[in-house]
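> Structure of the sequence below:
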Amino acid sequence: MKLDFFRHKEGIIDSEVNSSVNVPSPSGYFPNIEYKVRQLLIDDINQSIMKDLSKRLLTTPNKEYFLFTNDKLSSMDKLVNRIKSFGEKNIITNGNTGSMLQDYKGYSMTPFDGVVQSGMMYKSGKFMDKDLYIDPYMQWGDNKIILFDDIGLELSKDHYYKTVVDNTITCEYGFDIPKDPHIICVMEDENSDMYKEYKIEKRHETIDKILNQK
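Next up is the predicted model:
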């Protein structure tokens, strides 16, 4: 996983993920099939690890909502100023919000290195002074901007790899998230998914206040 916000750190393994696939035909019929299957399994494991990281980042208590007004340009300026007010070095967001940031002044694209990892989070470029990453597994309407600092990562050195007929790879891993990230939930309008999520949260807060008063 070649993501610039990872920093190698030891002694933090706390999780395990595995991937397996059955290949019904003997390897002799398909040259290099062991390598291809192994790479397929490693890609699957990498995707699982990144999904787990996203879930952990989203558990932060530091969450706020930002509603766009009819004046979209002014709203965008205010959103960018809010992003700039945080000191974190990295941003993860979905394709929809990523395209909004990419269209704004102050964005610079990362040169393409010729490597494409299907389904993996990737670095899109630089937004102001922050690295911008796009998570393809975030839904189009899930307009969350996750701001965070570099993360410690440890992967087990040895993957368990069985025969071609019954391939399994197991990877132990761990993250060290130095501090809670900040999340800005961008509500494009009152019909957006983020606005519906906002109303649900406010409704739950109101119910909790009423119950606590009894």
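
> Now do the helices in the protein.
33-57, 72-84, 95-102, 193-213 (DSSP state H).

> M128 is nearest to which of those?
Put simply, out of the helices of the chain the one that sits nearest M128 is helix 72-84, at 5.7 Å, with distance taken as Cβ to Cβ. Yep, even glycine has a C-beta here, placed from its N, CA and C like the rest.

> quick one: the closest one to helix 95-102, angle?
90 degrees (axes from the mean of the first three to the mean of the last three Cα atoms, to 10 degrees).

> about what we covered before: in TSV: the helices of the chain, plus mean neighbour count and distance to S19.
Putting these into TSV (neighbours: other Cβ atoms under 10 Å; distance: least, Cβ to Cβ, whole Å) gives the following:
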stretch	mean neighbour count	distance to S19
helix 33-57	16	4
helix 72-84	14	36
helix 95-102	19	25
helix 193-213	12	31
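
> Which among the ones you listed is found nearest to C171?
From the helices of the chain, taking Cβ to Cβ, the stretch that ends up closest is helix 33-57, at 5.0 Å.

> Could I get the contacting residues of N94?
In this structure, N94 makes contact with I134, D135, M138, Q139, W140, D142, N143, K144, judged by Cβ atoms under 8 Å, 6 or more residues apart in numbering.

> Export these to JSON lines and append columns for neighbour count, pLDDT and distance to N191.
As requested, these are arranged in JSON lines below (neighbours: other Cβ atoms under 10 Å; pLDDT from 0 to 100; distance: Cβ to Cβ, whole Å):
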{"residue": "I134", "neighbour count": "22", "pLDDT": "95", "distance to N191": "24"}
{"residue": "D135", "neighbour count": "22", "pLDDT": "94", "distance to N191": "23"}
{"residue": "M138", "neighbour count": "21", "pLDDT": "93", "distance to N191": "19"}
{"residue": "Q139", "neighbour count": "12", "pLDDT": "93", "distance to N191": "16"}
{"residue": "W140", "neighbour count": "10", "pLDDT": "94", "distance to N191": "14"}
{"residue": "D142", "neighbour count": "19", "pLDDT": "95", "distance to N191": "15"}
{"residue": "N143", "neighbour count": "25", "pLDDT": "97", "distance to N191": "13"}
{"residue": "K144", "neighbour count": "21", "pLDDT": "97", "distance to N191": "18"}
